[in-house]
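*Asks:* Have a look; sequence and predicted model below, questions after that.
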Amino acid sequence: GQLATVLDDLAANGGIAGAIHAAGVLADAPLQELDDHQLAAVFAVKAQAASQLLQTLRNHDGRYLILYSSAAATLGAPGQSAHALACGYLDGLAQQFSTLDAPKTLSVAWGAWGESGRAATPEMLATLASRGMGALSDAEGCWHLEQAVMRGAPWRLAMRVFTDKMPPLQQALFNISATEKAATPVIPPADDNAFNGSLSDETAVMAWLKKRIAVQLRLSDPASLHPNQDLLQLGMDSLLFLELSSDIQHYLGVRINAERAWQDLSPHGLTQLICSKPEATPAASQPEVLRHDADERYAPFPLTPIQHAYWLGRTHLIGYGGVACHVLFEWDKRHDEFDLAILEKAWNQLIARHDMLRMVVDADGQQRILATTPEYHIPRDDLRALSPEEQRIALEKRRHELSYRVLPADQWPLFELVVSEIDDCHYRLHMNLDLLQFDVQSFKVMMDDLAQVWRGETLAPLAITFRDYVMAEQARRQTSAWHDAWDYWQEKLPQLPLAPELPVVETPPETPHFTTFKSTIGKTEWQAVKQRWQQQGVTPSAALLTLFAATLERWSRTTTFTLNLTFFNRQPIHPQINQLIGDFTSVTLVDFNFSAPVTLQEQMQQTQQRLWQNMAHSEMNGVEVIRELGRLRGSQRQPLMPVVFTSMLGMTLEGMTIDQAMSHLFGEPCYVFTQTPQVWLDHQVMESDGELMFSWYCMDNVLEPGAAEAMFNDYCAILQAVIAAPESLKTLASGIARHIPRRRWPLNAQADYDLRDIEQATLEYPGIRQARAEITEQGALTLDIVMADDPSPSAAMPDEHELTQLALPLPEQAQLDELEATWRWLEARALQGIAATLNRHGLFTTPEIAHRFSAVVQALSAQASHQRLLRQWLQCLTEREWLIREGESWRCRIPLSEIPEPQEACPQSQWSQALAQYLETCIARHDALFSGQCSPLELLFNEQHRVTDALY
């Protein structure tokens, strides 16, 4: 029919990438009144068309098919049996073909949309609400569609429900017990780090700080630490400072700002910063720690932001994906040195002890711990009968398989241990560990526990789990610190440059592979240059990050760009946090500008300052920042921040370096390989026995041929030049042209000119605002120019002369009085309305009862998107001293029912009365607004824009 004709035409004219099947007709009637003709019409458009689309896409190599189903198929809907049956067919179709690689078939069971569509009428929305179904906004609907595509599960229910209004049979379909419940705090036993003094006692705070700093920096005598000692010169770096600031917040109850701390990073400076905080109060009790949530231990829970990025990276839904983020270690061992039977037994004890070794990720993107798993047996490749050359080939084949295999995340196990038997005495151990389950410190935990079992000791059960930690992290997203970080990044994002524009090939690799470049700096040279950097107030990590960026600038099309910085940050909210296996990785972003003529030393200091500033707002994970940047820039499949810097300098694990932690049991690995999806270049630095070890992990066939190795050689040359003449940092321009000439752009052009030089020369002409030079496929040079007087979104304002001619009349005093009186009345009435709403829900009726924030949320049935507003309500009433805050609880000074109405009347002008009526409507609709039944914009723009006109 018509559909077949359309599909054939599309296939013949460029092909069909995929399809979204949103069509449908309705024949709403009770089941007993439906006839075959009505059912056939509904099924033809909904079910038969979907089947035909799927078959056509399979025949023409289509990549996706998204089916628009309905919540009626899941929950049922009176009078919609034909629609529900047809949509149920769509859900089953997606499930049946969920194992197909192409086309990827998804079914989205939509609930009602409240701003568009046939349900967007007050009568229909009221009817649906009475049955327990709320309405999605357009933005929420788009979010559900985005999540469905990103997560790739065959079916998704996209709707808003009020389970308390649903019939019991429908309620049973939902898990009302709230599996997302966060772990709650308990009072732990006292430990040696506890602070028992007063924060007004600077001597006591100083003594506590010296003790903690001495432990961190491995100083023998805390008393010998001078109050004005610059901690950077003693080895304090970004990671150690994060650990120290976490301890300060945990034990002293004070959150310090990293940017301000950097200005005087000494015991005295930190003491002054702590004791000057307005909220500084004596620590009334031991710090709070997690309590294990045994009831929900095996319930699904969210992936952390970095886990979610890794999980998506395993798929081909994103560019440069299809990669498991993992680390492969190999050791050559003797049977009489490390018996394999004991290793297998020890590994199974680790599986029993650590929940994350029994983790899987379900299709909906939630991780889940399996209560039990089968005994794990280490498979063995018997290579003993092979010749040395055949053994080499077999070992290379096994290494390649483990390096690039992507294990299904929804199946246990996600790790692999394999043994290759070399001869009767020797074997090679291959250990493939997925970073969905591990971070760097987890490797040490694993080795320590294996060593303990190897010694015949018993592994005691852990008191908490990684799930407890993640749920506590979810709860912290409601804190003011998290919201402050959100606001900071939202303000910074519009000015944040993108990643360095490096010379890349046009077609990305279908199956990414990686190449590693490594080098070292000897102990004497490294310790000397590190000490000089610290004396200049720069951490070694910040210095190396700057040199890395300076190298990239030689190759980048632009002189401004942003790099992705990985760090490891376990919050000390339980004594056993450092004994858990799990991925606690975080990232932050650091931007660079090499266009200004500054010295390399000044550039390092600027990097240090930006690093501290951004780390001060690291409560918001950098992965979430990158997602927000993607929304702002409209990027979809391309990686936004594919160049990464990972520093493990100063990261000691109970006195061990990372390298020592991984080698103290099995010895030095004979091979290490790591890869990360959507990362083109990851520069990793660490110390071993006083030497600097650094590696570049590069995705093959992304950069122009030879570029990665040449860039690495440039970096080595820059680093050696700085080590050979460290005093040159004060005079050497950050462009470092003397050591590394700027690479001509593009690399593969035959011409002897640089496109950047052409652009720069063009910009020197008066009246030119932007210039972009390109070389076409035919080799011709093109130059796009934007003149200063060209119209643009930012240049569409009148010129300065025109603006000076726009003389607006000054308001008269009577108008100013009316304005002030109106706003006074609106503020007083708004506060009284807030108090009345809270009181009407049984809150703050007597000073004797305190209410936790969660109880306030529950009483008002507040949706998650409105909980920040609810916090602002409580904060506002607290500032008026009507409420008293006690931690995460609030108590009223007087019952809120006694809050008086405004003492003066609202002025009678037309605009004043329009705003007064708008406020009264909002107060009357508080319940509907919080529950999501009503949109704030709906109230703002109703009544022919009376409200917006009044505001103008």
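*Replies:* Great, that's in hand. Numbers count the residues shown, from 1 in each chain.

*Asks:* for the stretch 51-200 of the chain, which spans come out with low pLDDT?
*Replies:* For the stretch 51-200 of the chain, applying pLDDT under 70 flags the ranges 100-102, 139-140, 143, 147, 150-152, 162-165, 171-193.

*Asks:* which residue ranges form the helices in it?
*Replies:* 72-75, 81-96, 122-130, 138-151, 168-171 (DSSP state H, counting those that start in this stretch).

*Asks:* before we move on, what about the stretch 351-500 of the chain?
*Replies:* 388-404, 440-454, 466-476, 480-492.

*Asks:* Output these in JSON lines, with mean neighbour count, mean pLDDT and distance to Q95 appended to each entry.
*Replies:* Bear in mind the C-beta positions are built from the backbone N, C-alpha and C, glycine included. Below are these laid out as JSON lines (neighbours: other CB atoms under 10 Å; pLDDT from 0 to 100; distance: least, CB to CB, whole Å):
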{"stretch": "helix 388-404", "mean neighbour count": "14", "mean pLDDT": "94", "distance to Q95": "30"}
{"stretch": "helix 440-454", "mean neighbour count": "19", "mean pLDDT": "89", "distance to Q95": "35"}
{"stretch": "helix 466-476", "mean neighbour count": "21", "mean pLDDT": "91", "distance to Q95": "28"}
{"stretch": "helix 480-492", "mean neighbour count": "15", "mean pLDDT": "87", "distance to Q95": "38"}
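
*Asks:* Quick check: which of those helices is nearest to W555?
*Replies:* Closest to W555 of these, according to CB to CB: helix 480-492, at 25.5 Å.

*Asks:* What is that closest one packed up against?
*Replies:* On a contact count with 3 or more CB pairs under 8 Å, 6 or more residues apart in numbering; DSSP states H and E, helix 480-492 meets helix 622-633.

*Asks:* Quick check: which of the helices of the stretch 51-200 of the chain is nearest to A47?
*Replies:* For these, proximity to A47 was assessed by CB to CB; helix 81-96 is nearest, at 4.2 Å.

*Asks:* which of the residues in that closest one are buried?
*Replies:* 81-94 (16 or more other CB atoms under 10 Å).

*Asks:* so which of the helices of the stretch 51-200 of the chain gets nearest S442?
*Replies:* In terms of CB to CB, the element of these nearest to S442 is helix 138-151, at 25.3 Å.

*Asks:* before we move on, the earlier item: can you lay out the helices of the stretch 51-200 of the chain as a markdown table showing distance to R557?
*Replies:* Shown next, in a markdown table, are those (distance: least, CB to CB, whole Å):
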| stretch | distance to R557 |
| --- | --- |
| helix 72-75 | 50 |
| helix 81-96 | 43 |
| helix 122-130 | 51 |
| helix 138-151 | 30 |
| helix 168-171 | 57 |
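
*Asks:* I834 is nearest to which of these?
*Replies:* The nearest among the helices of the stretch 51-200 of the chain, by CB to CB, is helix 122-130 at 23.9 Å.

*Asks:* what helices or strands is that closest one leaning on?
*Replies:* Using 3+ CB pairs under 8 Å, 6+ apart, the elements in contact with helix 122-130 are strand 112-113, strand 135-136.

*Asks:* Dump those strands to a markdown table, plus mean neighbour count and distance to G779.
*Replies:* Below are the helices and strands packed on helix 122-130 laid out as a markdown table (neighbours: other CB atoms under 10 Å; distance: least, CB to CB, whole Å):
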| stretch | mean neighbour count | distance to G779 |
| --- | --- | --- |
| strand 112-113 | 20 | 52 |
| strand 135-136 | 24 | 52 |
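
*Asks:* Columns distance to L128 on top of these, output as CSV?
*Replies:* Output for the helices and strands packed on helix 122-130, formatted as CSV (distance: least, CB to CB, whole Å):
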stretch, distance to L128
strand 112-113, 5
strand 135-136, 7
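
*Asks:* Tell me which of those strands lies nearest to R405.
*Replies:* strand 135-136 (39.6 Å).

*Asks:* Which elements pack onto that closest one?
*Replies:* Looks like strand 135-136 contacts strand 112-113, helix 122-130 (3+ CB pairs under 8 Å, 6+ apart).

*Asks:* picking up where we left off before, for P494, find the nearest of the helices and strands packed on helix 122-130.
*Replies:* Across these, closest to P494 is strand 135-136 (CB to CB), at 28.3 Å.

*Asks:* neighbours around the closest residue to L929 other than its chain neighbours, how many?
*Replies:* Take L929 and drop its neighbours on the chain: the residue closest to it by CB to CB, 6 or more residues apart in numbering is P936, 6.3 Å away. Around P936 there are 12 other residues, counting by other CB atoms under 10 Å.

*Asks:* R925 too?
*Replies:* 15.

*Asks:* cool, and L869?
*Replies:* By the criterion of other CB under 10 Å, L869 has 12 neighbours.

*Asks:* Doesn't it belong to a helix?
*Replies:* Yes: under DSSP: H, G, I helix; E, B strand; the rest coil, L869 falls within a helix.

*Asks:* rewinding a little: for the helices of the stretch 351-500 of the chain, which one sits closest to I422?
*Replies:* Nearest to I422, of all the helices of the stretch 351-500 of the chain, is helix 388-404, at 6.6 Å by CB to CB.

*Asks:* Off-centre distance for stretch 421-436?
*Replies:* On the basis of CA atoms, centre = their mean, to the nearest Å, stretch 421-436 sits 33 Å off its chain's mean C-alpha point.

*Asks:* Put the alpha carbons of that stretch into PDB.
*Replies:* The C-alpha trace of stretch 421-436 is given here as PDB (Å, rounded to 0.1, in the frame of the first residue of the first chain):
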ATOM      1  CA  GLU A 421      50.000 -22.800  30.700                       C
ATOM      2  CA  ILE A 422      53.500 -22.200  29.300                       C
ATOM      3  CA  ASP A 423      55.200 -25.400  30.600                       C
ATOM      4  CA  ASP A 424      55.000 -27.600  33.700                       C
ATOM      5  CA  CYS A 425      56.500 -24.900  35.800                       C
ATOM      6  CA  HIS A 426      55.400 -21.600  34.300                       C
ATOM      7  CA  TYR A 427      52.200 -19.900  33.400                       C
ATOM      8  CA  ARG A 428      50.900 -16.400  32.400                       C
ATOM      9  CA  LEU A 429      48.000 -14.900  34.400                       C
ATOM     10  CA  HIS A 430      45.700 -12.600  32.400                       C
ATOM     11  CA  MET A 431      43.500 -10.400  34.600                       C
ATOM     12  CA  ASN A 432      40.900  -8.300  32.800                       C
ATOM     13  CA  LEU A 433      39.100  -5.800  35.200                       C
ATOM     14  CA  ASP A 434      36.200  -3.700  34.100                       C
ATOM     15  CA  LEU A 435      36.200  -0.100  35.400                       C
ATOM     16  CA  LEU A 436      32.400  -0.300  36.000                       C
END
